[in-house]
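> Attaching a predicted model along with its sequence, questions to come.
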Amino acid sequence: MLKTLSLKSLLPYAVLLVILLILPPILPRFYTYIITLIFVTALLAMSLNMVMGHGGLFQFHHGVFYGVGAYAFALLLFKAHMPMWLGFIAAPVIAAFAGFLIGWFCVRLTKLYFAMLQISLGSLLWAIVFRWYSLTNGDDGIHGVPIPSSISSSSNAYYFILFFFVLCLVVMYLIHRSPFGMTLQAIRDNPDRCSAVGINVRRHQLMAIVIATFFAGVAGVLFVVLEKSVFPDLLFWVLSLEICIMCLLGGWFTFAGPILGAAITVALRTFAGIYTEYWTLILGVLLIIIIFFLPEGVMGFFLQKLGRSGVKEGAPGRGQHAEG
Amino acid sequence: MLKVENLYKSFDKFLAVNGAELTVEKGQLVAVIGPNGAGKTTLFNLITGMLKPDRGRVVFNGEEISKLPPHDICRKGIARSFQIATIFPRLTVFKNVQVAVLSQQRKSSTLFRPAHRMAVEETNRILSSVGLLEKAEDLAGSLSHGDHRILEIAIALGNEPRMLILDEPTAGMSPDETSATMALIKRLAETHGLTILFCEHDMDVVFNTAQSIMVMHYGKTIIQGKPEVVKNNLEVQDAYLGGADA
């Protein structure tokens, strides 16, 4: 890991940020929208990677908390007529609470059993949203959530979402480098050893799930700001699978990999989707190629090439690799 | 300091530990010996809470610990190493030990402080006391087998234990590495004032180092006593020392 964040090492990020800031006036509205969608999706993928890539938890149905955040925000504004700022705070908290409830049961299990229970309980939430017509409008979803245009018009939404995206990234990075984040990675590598050095593994994992689902909730809120609507697909397992793929694509042992994975996936869906509805075919082939040739993901590959120690090289031995 | 009383543990009707007795006095270096499958590792797992006993008690400093989860037992001052090196392969050597030190300092859940500036001094002190300081920035997964085993011990030291349990600390080591490791363990015991419980296959090592030896056979304690007493015990000679294993 880098010893300290010197000004010089921050320079590339500052340049990138400036480029992102001057993009909207230059780009057509459609592209601005796509990039904004990438921010939202990337934040969601990053939140998943926090528990999956760094925490080693198979949170396969993470999209649920994105949906919970989005629905909570939409319902609070649309039905309860709450002030927006309050909804903005409450929705991620509700998502984190859902994460706590589901996580509380799931951390009692490990590996695939964790995954299966997590998928089941998540699907239960989806079923509730899908069926509770009087509250959620079921299949129809909720459209026209009242968002003031000061933050929801194309370029305003872009800046608003970019701001929160960057803010969340900074917070996530601080957590990643904190003792909590390091201990989480140690638990991923070896939970038994961690409990033998006095770490309460389950509590630590649950805490990670709560934090990650909070960020997923933030992503859900940002989605509503961008789209002004919610629908049950936000909680459907297909979306959860997609964000898992984003983490894999980008490199799930890296910090920023999922951003790249999200960008690739969203771009592919948008631009290959113009030509064929079978764009997932391309994604599938791409994924196979990456698993075979870049097992550390795209970001992992480039970091390795650059010889940065921030990425943990493969081959830890004893089949850990295949397991992930 | 540690007392194991009449401990039982079975797996699917197989009695892995079948009436084990063990006493460890403060400051002692105690060895557990016995053929493969005698239940040594199971006994250690029972003491450290990785397994729950069916019957019997484990008492540490006058307090029964057999029903506590592993992380609470660790907090009481018992740290362990594992027979199959269980390190954190994707973390650096430094971080492997730092994880334990931070846990000891109850800082594992600290959220918004950079970890790389915390517990640096303590971690480096431990690494230098076991001779791994120059490899601090290597990935733990890339170390040699012998260094893995040393790192195991270093991680256990991160908890500032009062008692250290080492499960075959020299397994798979060359004779040179073995004697170096045993010398290290002896030195650690003296400098840190540690009580050490270990199990070991190499009989020379055991009879040269341990102050007290407990012999297990089919999960049962045959005898515990001073090396010369154990050596002269007929039952032990039958079961183990004269047998095919050694």
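Here it is on my side, so go on.
> Please make it C-alpha for all contacts and neighbour counts, starting now.
Fine.
> Report the closest residue of chain B relative to chain A.
In chain B, the residue that lies nearest chain A is B:His71 (3.8 Å; Cα to the nearest Cα).
> thinking that residue is in contact with A:Val197, fair?
Yes - at 6.6 Å, B:His71 and A:Val197 qualify as touching, with contact defined as Cα atoms under 8 Å.
> Which strand or helix spans the residue of the stretch 101-250 of chain A found nearest chain B?
Closest contact between the stretch 101-250 of chain A and chain B, by Cα to the nearest Cα, is at A:Gly198 (3.8 Å). Following DSSP states H and E, one finds A:Gly198 outside all helices and strands.
> For burial, what's the neighbour tally of it?
A:Gly198: 28 surrounding residues under other Cα atoms under 10 Å in any protein chain shown.
> For it, grab phi and psi.
For A:Gly198, the backbone dihedrals are phi 90, psi 20 (criterion: degrees, to the nearest 10).
> Wait, it touches B:Ile78, no?
No - if you go by Cα under 8 Å, A:Gly198 and B:Ile78 don't touch, sitting 9.5 Å apart.
> quick one: what helix or strand has residue 164 in it?
Reading this off chain A. Using DSSP H and E, A:Phe164 falls within helix A:154-177.
> Not quite, go with chain B.
Assignment of secondary structure by DSSP H and E places B:Leu164 within strand B:163-167.
> where do the strands sit along the chain?
Let's take chain A. Ranges of strands within chain A are A:142-143, A:229-230, based on DSSP state E.
> Actually, chain B is the one I wanted.
B:2-11, B:14-24, B:29-33, B:55-60, B:63-64, B:78-81, B:163-167, B:195-199, B:212-217, B:220-225.
> JSON lines please, covering those and showing mean neighbour count, distance to A:Ile187 and mean pLDDT.
As requested, those are arranged in JSON lines below (neighbours: other Cα atoms under 10 Å in any protein chain shown; distance: least, Cα to Cα, whole Å; pLDDT from 0 to 100):
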{"stretch": "strand B:2-11", "mean neighbour count": "19", "distance to A:Ile187": "27", "mean pLDDT": "89"}
{"stretch": "strand B:14-24", "mean neighbour count": "20", "distance to A:Ile187": "28", "mean pLDDT": "89"}
{"stretch": "strand B:29-33", "mean neighbour count": "25", "distance to A:Ile187": "30", "mean pLDDT": "90"}
{"stretch": "strand B:55-60", "mean neighbour count": "19", "distance to A:Ile187": "27", "mean pLDDT": "91"}
{"stretch": "strand B:63-64", "mean neighbour count": "14", "distance to A:Ile187": "27", "mean pLDDT": "90"}
{"stretch": "strand B:78-81", "mean neighbour count": "28", "distance to A:Ile187": "16", "mean pLDDT": "90"}
{"stretch": "strand B:163-167", "mean neighbour count": "25", "distance to A:Ile187": "21", "mean pLDDT": "91"}
{"stretch": "strand B:195-199", "mean neighbour count": "24", "distance to A:Ile187": "25", "mean pLDDT": "91"}
{"stretch": "strand B:212-217", "mean neighbour count": "26", "distance to A:Ile187": "33", "mean pLDDT": "89"}
{"stretch": "strand B:220-225", "mean neighbour count": "20", "distance to A:Ile187": "34", "mean pLDDT": "86"}
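> With distance to chain A as extra columns, can I get those strands in JSON lines?
Formatted as JSON lines, the strands of chain B follow (distance: least, Cα to the nearest Cα, whole Å):
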{"stretch": "strand B:2-11", "distance to chain A": "18"}
{"stretch": "strand B:14-24", "distance to chain A": "20"}
{"stretch": "strand B:29-33", "distance to chain A": "20"}
{"stretch": "strand B:55-60", "distance to chain A": "16"}
{"stretch": "strand B:63-64", "distance to chain A": "18"}
{"stretch": "strand B:78-81", "distance to chain A": "7"}
{"stretch": "strand B:163-167", "distance to chain A": "11"}
{"stretch": "strand B:195-199", "distance to chain A": "16"}
{"stretch": "strand B:212-217", "distance to chain A": "24"}
{"stretch": "strand B:220-225", "distance to chain A": "25"}
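> do you know which of those strands lies nearest A:Leu76?
strand B:78-81 (50.4 Å; Cα to Cα).
> Give me the sheet partners of that closest one and which way each runs.
strand B:163-167 (parallel) (DSSP bridges).
> Residues touching the strand it pairs with, excluding its own?
Outside of strand B:163-167, the residues within contact range by Cα atoms under 8 Å, 6 or more residues apart in numbering or on different chains are B:41, B:44, B:77-83, B:153, B:156-157, B:194-200.
> swap in stretch A:285-296?
Outside stretch A:285-296, the residues that touch it by Cα under 8 Å, 6+ apart are A:Ile245, A:Leu248, A:Leu249, A:Gly251, A:Trp252, A:Phe253, A:Gly297, A:Val298, A:Gly300, A:Phe301, A:Gly314.
> So which residue is smack in the middle of chain B?
B:Leu166 (1.8 Å; Cα atoms, centre = their mean).
> Excluding sequence neighbours, find me the nearest residue to it.
Spatial nearest neighbour of B:Leu166, chain neighbours left out: B:Phe198 (4.5 Å); criterion: Cα to Cα, 6 or more residues apart in numbering or on different chains.
> again, but for A:Ala70
In space, A:Ala70 is closest to A:Gly220, 4.1 Å off (Cα to Cα, 6+ apart).
> neighbours of the one you found, just the number please.
Each residue near A:Gly220 was counted by other Cα under 10 Å, and the total is 33.
> and what of the one 4 residues further on?
Other residues within reach of A:Val224 by the criterion other Cα under 10 Å amount to 24.
> Check A:Ser149 too.
By other Cα under 10 Å, neighbour count at A:Ser149 equals 11.
> ditto for the one 3 residues further on
For A:Ser152, the count of nearby residues is 21 (other Cα under 10 Å).
> can I assume it is in contact with A:Val224?
No - with contact defined as Cα under 8 Å, A:Ser152 does not count as touching A:Val224 (9.3 Å).
> show me the contacts for the closest residue to A:Tyr158 other than its chain neighbours.
Computed as Cα to Cα, 6+ apart, the closest residue to A:Tyr158 that is not its neighbour in sequence is A:Thr36, at 5.4 Å. Contacts of A:Thr36 were listed using Cα under 8 Å, 6+ apart, and they are A:Ala157, A:Tyr158, A:Ile161, A:Leu162, A:Leu226.
> any idea of the pLDDT on the fourth one?
In other words, A:Leu162. pLDDT, A:Leu162: 94.
> do the same with the one 10 residues further on
As predicted, A:Met172 sits at a pLDDT of 95.
> For the stretch 101-250 of chain A, which residues are neighbours of chain B?
Within the stretch 101-250 of chain A, the residues that sit near chain B (Cα under 8 Å from any Cα of the partner chain) are A:174-175, A:177-183, A:186, A:189-190, A:193-200, A:204.
> The helix or strand of chain B with the lowest mean pLDDT packs against which elements?
Lowest by mean pLDDT, DSSP states H and E among the helices and strands of chain B is helix B:234-236, with a mean of 71. The contact analysis (3 or more Cα pairs under 8 Å, 6 or more residues apart in numbering or on different chains; DSSP states H and E) places helix B:234-236 against strand B:220-225.
> Walk me through the domains of chain B.
Chain B breaks down by automatic domain parsing into domains covering B:1-77+B:162-246, B:87-160.
> Specify the stretch among the ones you listed that is closest to A:Ile264.
domain B:87-160 (26.7 Å).
> Span of that closest one from start to end?
Distance between the two ends of domain B:87-160: 18 Å, counting by Cα to Cα, to the nearest Å.
> Show me how far it is from its chain's centre.
17 Å (Cα atoms, centre = their mean, to the nearest Å).
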